[in-house]
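Asks: Sequence plus predicted model, see below.
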There are 2 protein chains.
Amino acid sequence: MTAYKAPLDDLRFALFDVLGAESTLTGLRDGAAHSRDLLDAVLEEAGRLSEQLLAPTNGPADEEGCRFDKATQTVTTPKGFKEAFKQFAEGGWTGLTNPEAYGGQALPNVLGTATTEIFQSGNLAWSLYPLLSEGATHALEVHGEEWQRERFMKPIVAGRWTGTMCLTEPQAGSDLGLLKTRAEPGENGTWKITGTKIFISAGEHDLTENIVHLVLARLPDAPEGSRGISMFIVPKFKVNEDGSLGARNTVAAGAIEHKMGIHACSTCVINLDGAEGYLIGKPHKGLMAMFTMMNAARLSVGVQGLALAERALQNSLNYARERLQSRALSGPKFPDKPADNLLVQPDVRRMLLTQRAFVEGSRALLLYTALQTDVEARATDEAARKTAGELVAFLIPIAKGVVTELAQECTKEALQIYGGHGYIAENGVEQFVRDARIITLYEGTTGIQAADLLGRKILQLQGVGFRHLLEEISTFCQQHASDESLRAFIAPLAVATKNWSELTLKLAQRVQANPEELGAAAVDYLYYSGYVALAYMWARSVAASETGAHAAAFRQAKRDTATFYFARILPRCLTHQAAIEAGVDTLPSIA
Amino acid sequence: MTAYKAPLDDLRFALFDVLGAESTLTGLRDGAAHSRDLLDAVLEEAGRLSEQLLAPTNGPADEEGCRFDKATQTVTTPKGFKEAFKQFAEGGWTGLTNPEAYGGQALPNVLGTATTEIFQSGNLAWSLYPLLSEGATHALEVHGEEWQRERFMKPIVAGRWTGTMCLTEPQAGSDLGLLKTRAEPGENGTWKITGTKIFISAGEHDLTENIVHLVLARLPDAPEGSRGISMFIVPKFKVNEDGSLGARNTVAAGAIEHKMGIHACSTCVINLDGAEGYLIGKPHKGLMAMFTMMNAARLSVGVQGLALAERALQNSLNYARERLQSRALSGPKFPDKPADNLLVQPDVRRMLLTQRAFVEGSRALLLYTALQTDVEARATDEAARKTAGELVAFLIPIAKGVVTELAQECTKEALQIYGGHGYIAENGVEQFVRDARIITLYEGTTGIQAADLLGRKILQLQGVGFRHLLEEISTFCQQHASDESLRAFIAPLAVATKNWSELTLKLAQRVQANPEELGAAAVDYLYYSGYVALAYMWARSVAASETGAHAAAFRQAKRDTATFYFARILPRCLTHQAAIEAGVDTLPSIA
């Protein structure tokens, strides 16, 4: 059984003090009402819901898991899930950021990102059911036809149905070009979809009366590879024109997977047997719609890393406070107790500060990225929208790739602080490690994020988003160049940023000469980028903590954690630089 | 279901080519028969046993787990365990390295270490049952009385019984000085032991007719803390003078833990209720006997890291060979297939080479350490015994602390290569990650190993073992200074070793000024030491591969992996050095 308290103070600090979200949001189209007060109220309510409704189910639901009934092809979710989803939908959370025209509340994405963190900390496996819906509604909003949005998107926004993303097949994982599911013309402009999809999160469940699958498949005349993929709406129950449910469609779960973690999320094999579907957008253009879903989902998966790490940090910090064992190296600190607590051990503080540096730094980075998506969507100035969009495109692979990897380290360190007790299921921290292990895999592995960052965002798009970020960091450094109290952070940030820029240029040249160099450097380049981006967030955090009326302890904790980050984490760039410069010759072929 | 094939080629290479074990062993007391032929035959037989008897049980036993029956306080181990243990005992493996006088085969410890790797790869959880016995017999051999060895050690050596180490209590983990279990005088020189022990591996099971618990407890007049701990033999069934079993003793399992991994190992709460026991050695000197058990066990836990990483590597390499997905960055390599295999991706090779560098490097390091234990025990020259003992004392925390941490990375990378399929239980690789997570915790956490290395082996013992290793590396570098084909390894090894030496000196001075600096630097220093030690092993491995009749592919693989290691792994020392130099001021107090 693990505790969880929504980190409202730090969320507010990141949103309002570090990122200045209020002034940004209220300046956007339809943003006048998005004041700090409104956002604050929503955060508080999300905190209450997660702490009271979701967090207590996390351990028991992991133990119970989902049950699949072969005869009826149905999944029973763990105790409490259905009731939690009902309350969640009734509270309007399923449509928090969707347009009002489709029943949503049209609140900013940065707020949705913050509340997603809170819900995912409460129960990651549960949160996947509404999360998959978000990707589906986003794809329908951008690529669907109006009648499709009316019929299929609105009920998802209302929380009456959920959505899925049916991409993966046994032979087609990272390489969707290999997928075989086929679509043949049916009656009245419908399509008949046939094939097998695997790893479909929330693919079948008992939370809602219907499920809308968004399925990638090939038309009969489709070109080979990823240029021949189309996207279809395939509902579990067919839907009549008036929105009422019709007959059961021939799409069904064939099995659920037994996994290392997220036991309470039903991960399904989905069989389509001539299932009735509707084409979204144009034929063969499904990959574009898929990326619309995927990019939103990737940011959310980054947030999953943050969410798990936050809860792991809270619990390992509590444990370190309460566990009495050994004495401080310089003599007893609690002489009236049988032993000192673990916090007196510098190495335990190292593990806690590592978590805190990654958690709070990642939170700022993810919310920064999310805020840019709001600017991209709703800035009144077109140039601002374009810049924000380019920044988002650059930041997404870092936000997903790096934060999910750092979450592995955070949850590992949290468990380590518990000692042997961390290995015992009932103490709950091992679940965070198991749950976290999926996030570097789904929605594109770390290798895929790294290839996207270096191959597409740096090389193909000529680093346009990267240059925006460099300019922004440079402006920040100049603004604070003479600020004595920030000297310890600004100078090394400027150096790191300059190195990052130079390294990128050299690497780009090398990859142009030999494309294999891309794969040889990409993951190390991803880490390098992430560590510098987090350094920027930490420098901004210290700067922000010094203005406004923050408690002395809060200010000191920010400064301490930033000091730790610059002294002990940022130097990891040295190792990654060495690996990048070593090149592909140090990765020779393996038989 | 995962494959396993004992890596006999690499074991032989490490033993005979890198370490020259044959000439060392045959030169030791009672070592004339320990020829390469004999050792080879034992390795082959161990491989056969592990591949055929243990490896197939690994996945199913994890799923089945141990069952505890509360009414009878007994544990049922998974299917196949009892039969495997019977065959193991009949083959003489339970007494492989024990003295002939007690029924053992008196084979070298370095051979026992190699076969332990093989068995642990087959099934780690199963291997813990005989492993715990090894610690117990070792403690009895060194610290017990003759009648105790006759009555309690011989049946364990014969595989009729097993042993345990009963140290931990709920309030006493890393800090054994806090333990409360008490021993009061009983009849005829026996003791009555009362208390509760937790986390007792193999504490109760159905593999043998009796279990010999070695229990730490306090005598009535014991001084406080770790100076007041005594060790007792507490058999599950009392043993008559003729060796036959007597009445059930009042020591019993109260529960078994539900754990993240090693489900098939019974991890017990052991309740002692005035249980009859026999003092081992002198009163209050139990900690010394405990360390005798512990040091042997620590090396074996390092081997567990190697064993899990080896099997994870084998399977992820197979997967990367067979999985067809995407094309090489420079164009198709298998144009007649629907996609190229994963091996064409440089980033997949990075993950495989990381595993290979750690697996083969760790194997050499662990066997090197084990060989020194043989020299320590049986060299005819006293000075050689002393030097070897000092080297072993220095190397144990590195062998345990670093190899177990690297095993986390290896199993993580293996799973990552599988993509989403790695997260699915039936594919088996996620079990390696779960099983591996215990090894940085038990037998002393990584923090404890680091404190032992820096606090005891460097500072208290004035780095005597460290200096032996530095001299040895220096001699090696000089021997090969003019060897053109080794230039890429010798020069950086010499630099790294010099830096290690200088860093150690500076760090020692700083810790003398402020003991808190020990805790602030210890884990980073442990890693730094491990990476340099592995660099030494890799340089020796390349040198060894160039002599003798090795296949060209084998030679090339050694050189490639060493090149990778020096270019991409050894630079991690830069980061650890920065962290060490940052000092305790960057780890300020946490409220």
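Replies: Everything's here; your move.
Asks: Do I have it right that A:Gly91 meets A:Ala46?
Replies: No. Applying CB atoms under 8 Å as the test, A:Gly91 and A:Ala46 come out as separate, 9.1 Å apart. For the C-beta atoms, the positions are set from N, CA and C on the backbone; glycine is no exception.
Asks: more crowded one of these two?
Replies: Neighbour count, other CB atoms under 10 Å in any protein chain shown: between A:Gly91 and A:Ala46, A:Ala46 has more, with 25 against 14.
Asks: List the contacts of the residue nearest to the more buried one when sequence neighbours are not counted.
Replies: Once flanking residues are discounted, A:Ala46 sits nearest to A:Thr115: 4.1 Å by CB to CB, 6 or more residues apart in numbering or on different chains. When contacts are counted by CB atoms under 8 Å, 6 or more residues apart in numbering or on different chains, A:Thr115 touches A:Val42, A:Leu43, A:Ala46, A:Trp93, A:Leu96.
Asks: export the residues you listed to CSV and tack on distance to A:Leu308 and secondary structure?
Replies: Converted to CSV, those look like this (distance: CB to CB, whole Å; DSSP: H, G, I helix; E, B strand; the rest coil):
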residue, distance to A:Leu308, secondary structure
A:Val42, 22, helix
A:Leu43, 19, helix
A:Ala46, 17, helix
A:Trp93, 20, helix
A:Leu96, 21, coil
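Asks: Where do the strands of chain A begin and end?
Replies: Remark: strands assigned in chain A by DSSP state E are A:67-69, A:74-76, A:161-166, A:182-185, A:191-201, A:210-217, A:230-235, A:237-239, A:245-248, A:251-256, A:267-280.
Asks: For A:Glu310, which of the ones you listed is the nearest?
Replies: strand A:191-201 (21.5 Å; CB to CB).
Asks: Listing partners with orientation, what would you give for the closest one?
Replies: Applying DSSP bridges, strand A:191-201 is found paired with strand A:182-185 (antiparallel), strand A:267-280 (antiparallel).
Asks: Could you save the ones you listed as JSON lines and add columns showing mean neighbour count?
Replies: What follows is the strands paired with strand A:191-201, written out as JSON lines (neighbours: other CB atoms under 10 Å in any protein chain shown):
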{"stretch": "strand A:182-185", "mean neighbour count": "17"}
{"stretch": "strand A:267-280", "mean neighbour count": "22"}
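Asks: Make a markdown table from these and add mean pLDDT and distance to B:Val157 to it.
Replies: Formatted as a markdown table, these follow (pLDDT from 0 to 100; distance: least, CB to CB, whole Å):
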| stretch | mean pLDDT | distance to B:Val157 |
| --- | --- | --- |
| strand A:182-185 | 98 | 66 |
| strand A:267-280 | 98 | 48 |
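Asks: Which among the ones you listed is found nearest to A:Leu8?
Replies: That would be strand A:267-280 among these, by CB to CB, at 31.8 Å.
Asks: State the pLDDT value of the most far-flung residue of chain A relative to its centre.
Replies: Distance from the C-alpha centroid of chain A, by CA atoms, centre = their mean, peaks at A:Asp336 (45.6 Å). You'll see A:Asp336 listed with a pLDDT of 97.
Asks: what residues are up against A:Met537?
Replies: A:Val18, A:Gly361, A:Ala364, A:Leu365, A:Tyr368.
Asks: Just read off the phi/psi values of the residue farthest from the centre of chain A.
Replies: phi -80, psi -10 (degrees, to the nearest 10).
Asks: who touches it in this structure?
Replies: Taking CB under 8 Å, 6+ apart, one finds nothing in contact with A:Asp336.
Asks: Quick check: it vs chain B, distance?
Replies: Distance, A:Asp336 to chain B, by CB to the nearest CB, to the nearest Å: 15 Å.
Asks: Dihedrals phi and psi, the nearest residue to A:Gly112 once chain neighbours are set aside?
Replies: Nearest residue to A:Gly112, sequence neighbours excluded (CB to CB, 6+ apart): A:Thr97, at 4.1 Å. Backbone torsions of A:Thr97, given as degrees, to the nearest 10, read phi -110, psi 0.
Asks: near chain B, which residues of the stretch 201-350 of chain A?
Replies: Neighbours of chain B within the stretch 201-350 of chain A, by CB under 8 Å from any CB of the partner chain: A:257-261, A:317, A:320, A:324-326, A:328-330, A:338-339, A:343, A:345-350.
Asks: Just the buried ones out of the residues you listed, please.
Replies: A:257, A:259-261, A:317, A:320, A:324-326, A:328-329, A:339, A:343, A:345-350 (16 or more other CB atoms under 10 Å in any protein chain shown).
Asks: Among these, name the ones in helices.
Replies: Per DSSP state H, helices hold the following members of these: A:Leu317, A:Ala320, A:Pro346, A:Asp347, A:Val348, A:Arg349, A:Arg350.
Asks: list the contacts for the fourth one?
Replies: Okay, so that is A:Asp347. B:Gly447, B:Ala450, B:Ala451, B:Gly519, B:Ala520, B:Ala522, B:Val523.
Asks: Return the distance of it relative to A:Arg321.
Replies: Shown here: A:Asp347 relative to A:Arg321, a distance of 16 Å by CB to CB, to the nearest Å.
Asks: out of everything not next to it in sequence, what's closest to A:Lys236?
Replies: Closest to A:Lys236 by CB to CB, 6+ apart is A:Ile211, at 4.2 Å.
Asks: same thing with A:Ala253?
Replies: A:Ala253's closest residue in space is A:Glu204 (CB to CB, 6+ apart), at 3.7 Å.
Asks: residue contacts, that neighbour?
Replies: Taking CB under 8 Å, 6+ apart as the criterion, A:Glu204 is in contact with A:Phe68, A:Gln73, A:Thr74, A:Val75, A:Ile211, A:Lys236, A:Ala252, A:Ala253, A:Ile256, A:Ser266, A:Cys268, A:Ile270.
Asks: ok, now A:Gln120?
Replies: A:Ser127, A:Leu131, A:Val303, A:Gln304, A:Ala307, A:Leu308.
Asks: same thing with A:Arg467?
Replies: No residues are in contact with A:Arg467 under the rule CB under 8 Å, 6+ apart.
Asks: Skipping adjacent residues, who's closest to A:Thr536 in space?
Replies: You called it Thr, but residue A:536 is Tyr. Closest to A:Tyr536 by CB to CB, 6+ apart is A:Ile473, at 5.2 Å.
Asks: what sits against that neighbour?
Replies: A:Leu493, A:Ala494, A:Thr497, A:Tyr536.
Asks: Compute the distance between it and A:Ala494, please.
Replies: In terms of CB to CB, A:Ile473 sits 8 Å off from A:Ala494.
Asks: Likewise for A:Ala384?
Replies: Where A:Ala494 is concerned, A:Ala384 sits at a distance of 25 Å (CB to CB).
Asks: next one: A:Ser529
Replies: For A:Ser529 relative to A:Ala494 (CB to CB), the value is 16 Å.
Asks: who's more crowded, these two?
Replies: Ranked by neighbour count (other CB under 10 Å), A:Ser529 and A:Ala494 place A:Ser529 first, with 28 against 18.
Asks: In contact with the more buried one: list those residues for me.
Replies: A:Ser529 touches A:Ile398, A:Val402, A:Leu453, A:Trp500, counting by CB under 8 Å, 6+ apart.
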